[in-house]
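S.K.: Sequence first, then the predicted structure, then my questions.
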Amino acid sequence: MRYDDSRKVVLVGTGLVGMSYAYALLNQNVCDELVLVDIDKKRAEGEAMDLNHGLAFSGSHMKIRAGEYADCKDADIVVICAGVAQKPGESRLNLLQRNTAVFRSIVGPVVESGFKGIFLVATNPVDVMTRITLSLSGFESRRVIGSGTALDTARLRYLLGDYFSVDPRNVHAYVMGEHGDSEFVPWSQAMVATKSVMDICEESGGRYCVEEMEKLSGEVRGAAQKIIEAKKSTYYGIGMALTRITRAIFGNESSVLTVSTMLNGEYGQTGVYVGVPCVVGRDGVKQIVTLRLTEKENGKFASSCDLLRETFGGLGLDR
Ligand code: NAD
């Protein structure tokens, strides 16, 4: 029996990212029901068994099982972590086309189930895959969210906290743009408590400087690649980031998170999914926070948007 206030998530894609998310959901007691769907049904069943065996140690009463797309009918959130891996020598565009086919086989059946909730996408390239989800679902954009630069922003705050010897929770700075090479940090909008990092640098007598902070932003940009070189793929961080977004939705928190959302004139951009600070709550993206970027930062943001628009345009999908 499902009570009206119970929180149901359907997770599509029970690979490393999907199951890191599921494990974090269980440990943080974020939802009441979790249904696992994968093209490899046996894998989803095995994962459900494994998680259920940990339930007794978790203090959670989550119902966990493997299921079907029909289970999306009364779900609050459908999280997509399904995807195919890049083949040796395969172009990014070819990979994107194969992942588009994967999403066609997922989004159609989810919508046909009668699903009325929120899509949350993690599959890479996440901004484009989220845009594709919007196209295929016909949903309003506030209910189709990508993980965007949420993880990159968390990495940045951790590194800046370390640099300034301040708790990362008191560092307010965002990574904006594509979740990828063209992402950037608008330093003009970065604060420690309510003090601008630019002022801190200026007053520090050379102890802190923008060049060093740029190195940190480079570290954030290269973090995924470094982890992949060391252990083949990344999954715990993104699993936690997805859990944070899920918590913001269920708790109607109106938390500001840098998720991927559709811009309709904000920052002078339209028709593009990209990572920007957004107010996230029960209905998805409630509001886009428009920061006052410098001309140079606006230029970086526009280039990132152009790149994403071009990539999506190459797929020949409408809307
Ligand atoms: P994985 O190979 O471990 O898992 C992918 C899963 O998708 C597999 O279980 C596979 O069976 C399933 N799948 C494939 N086609 C399917 C279909 N048509 N229907 C249903 N399920 C299908 O991969 P992973 O390491 O878990 O990564 C998943 C995605 O997450 C990748 O695209 C990866 O690049 C991305 N990722 C995103 C971020 C981010 O910050 N957004 C971070 C890390 C990874």
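M.R.: Perfect, I can see it now. These numbers come from a predicted model, not from an experiment. Numbering: from 1, shown residues only.

S.K.: ok, and what's touching stretch 193-201?
M.R.: Stretch 193-201 is touched from outside by 160, 164, 166, 170, 173, 187-188, 190-192, 208-210, 213, with contacts defined as CB atoms under 8 Å, 6 or more residues apart in numbering. To be clear about C-beta, it is placed using only N, CA and C from the backbone, and glycine gets the same treatment.

S.K.: now, which of the residues you listed lie within strands?
M.R.: 191-192 (DSSP state E).

S.K.: what number of residues lie near the closest residue to residue 166 other than its chain neighbours?
M.R.: Once flanking residues are discounted, residue 166 sits nearest to residue 192: 5.4 Å by CB to CB, 6 or more residues apart in numbering. Neighbour count of residue 192, defined by other CB atoms under 10 Å: 21.

S.K.: re the thing from before, out of the contacts of stretch 193-201, name the ones that lie in helices.
M.R.: 160, 164, 210, 213 (DSSP state H).

S.K.: any chance of these in TSV, with neighbour count and distance to the ligand too?
M.R.: What follows is the ones in helices among the contacts of stretch 193-201, written out as TSV (neighbours: other CB atoms under 10 Å; distance: CB to the nearest ligand atom, whole Å):
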residue	neighbour count	distance to the ligand
160	23	19
164	19	25
210	12	26
213	23	22
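
S.K.: Among those, which one lies nearest to residue 297?
M.R.: When the ones in helices among the contacts of stretch 193-201 are compared for distance to residue 297 (CB to CB), residue 210 wins out at 12.5 Å.

S.K.: how about the closest one, what does it touch?
M.R.: Counting by CB under 8 Å, 6+ apart, residue 210 makes contact with 187, 198, 201.

S.K.: Close to the ligand: what parts of the stretch 51-200 of the chain are there?
M.R.: Within the stretch 51-200 of the chain, the positions lying close to the ligand (CB under 6 Å from any ligand atom) are 81-85, 102, 105-106, 122-124, 126, 147, 151, 179.

S.K.: what's the spacing between residue 132 and residue 63?
M.R.: 30 Å (CB to CB, to the nearest Å).

S.K.: Tell me where this structure is predicted with low confidence.
M.R.: For the chain, applying pLDDT under 70 flags the ranges 1-4, 318-319.

S.K.: how about the helices in it?
M.R.: Using DSSP H, the helices of the chain run over 16-28, 41-54, 92-112, 126-137, 150-164, 197-203, 210-231, 236-250, 295-313.

S.K.: so of these, which one's packed in deepest?
M.R.: Burial of the helices of the chain is given as mean neighbour count (mean count of other CB atoms under 10 Å); helix 126-137 ranks first at a mean of 25.

S.K.: what's that one packed up against?
M.R.: Applying 3 or more CB pairs under 8 Å, 6 or more residues apart in numbering; DSSP states H and E, we find helix 126-137 packed against helix 92-112, strand 118-121, strand 144-146, strand 255-264, strand 270-281, helix 295-313.

S.K.: again, only this time at 10 Å
M.R.: strand 77-80, helix 92-112, strand 118-121, strand 144-146, strand 255-264, strand 270-281, helix 295-313 (3 or more CB pairs under 10 Å, 6 or more residues apart in numbering; DSSP states H and E).

S.K.: Not counting its neighbours along the chain, what's nearest the residue in the chain positioned nearest to the ligand?
M.R.: Scanning the chain for the residue nearest the ligand gives residue 15, at 1.7 Å (criterion: CB to the nearest ligand atom). Residue nearest to residue 15 in three dimensions, not counting chain neighbours: residue 81, with 6.5 Å by CB to CB, 6+ apart.

S.K.: Can you report how many residues neighbour the closest residue in space to residue 112 that isn't next to it in sequence?
M.R.: Excluding its sequence neighbours, the residue lying closest to residue 112 (CB to CB, 6+ apart) is residue 69, at 7.4 Å. Look at residue 69: counted by other CB under 10 Å, it has 21 neighbours.

S.K.: does residue 69 really touch residue 80, like I thought?
M.R.: No: in terms of CB atoms under 10 Å, residue 69 does not count as a neighbour of residue 80; the distance is 11.7 Å.

S.K.: Now list whatever residues contact both of the two.
M.R.: Shared contacts of residue 69 and residue 80 (CB atoms under 10 Å, 6 or more residues apart in numbering): 10, 12, 37, 106-107, 110.

S.K.: can you list these in CSV and add distance to residue 238?
M.R.: As requested, the shared contacts of residue 69 and residue 80 are exported to CSV (distance: CB to CB, whole Å):
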residue, distance to residue 238
10, 18
12, 15
37, 18
106, 18
107, 20
110, 21
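
S.K.: which one of these is nearest residue 56?
M.R.: residue 10 (23.7 Å).

S.K.: In contact with that closest one: list those residues for me.
M.R.: 33-37, 67-80, 110, 113, 115, 117.
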